[in-house]
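In: Test case, fold it:
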Amino acid sequence: MWILLSYVLISFIMPLVMGMTSLLVSSKFMSTESFECGFDSFNVSVFPVSLRFFMFCTIFLILDLELIIMSVTPMVIWSSGFIVNIVLFLLLVTVSLMMEWLFGSLSWIE
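Out: Numbering: from 1, shown residues only. Next up is the predicted model:
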């Protein structure tokens, strides 16, 4: 019982300590500039990311998750209620993929 109580207390105290430390330290450093051995940087430290690239990567991760779930499906196909979950998940992924295709988010070049 004491172990559980100490775990809960530590899990509440540690984020508070880290948050307070970051507030104290963040006021002393400029976060918009990169630190390169004390010299001024010659180029921009933040590069823009294309929204299309981000959406394409998100769709890839979702479809990769679908592949992982489908590879485990034959092993647990006989468990109760699992088939309904698989069908709903596949339906959700298929509908979202069709919506992305119709909205034109999958086209890499316009």
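In: quick one, strands of the chain?
Out: In the chain, no strands are found when defined by DSSP state E.
In: Spatially central, which residue of it would that be?
Out: T58 (8.8 Å; Cα atoms, centre = their mean).
In: and that one, how far is that from G19?
Out: Distance of T58 to G19, computed by Cβ to Cβ, to the nearest Å: 29 Å. Placement of C-beta: from N, CA and C, glycine included.
In: just F12 next, same as before
Out: 11 Å.
In: what does L102 give?
Out: Using Cβ to Cβ, one obtains 43 Å as the distance from L102 to G19.
In: can you check Y7 too?
Out: For Y7 relative to G19 (Cβ to Cβ), the value is 19 Å.
In: next one: S50
Out: 33 Å.
In: same question, V84
Out: If you go by Cβ to Cβ, the gap between V84 and G19 works out to 42 Å.
In: ditto for L61
Out: 29 Å.
In: show me the contacts for the nearest residue to I62 once chain neighbours are set aside.
Out: Nearest non-adjacent residue to I62, counting by Cβ to Cβ, 6 or more residues apart in numbering: V93, 6.5 Å away. Residues counted as contacts of V93 (Cβ atoms under 8 Å, 6 or more residues apart in numbering) are 62-63, 66.
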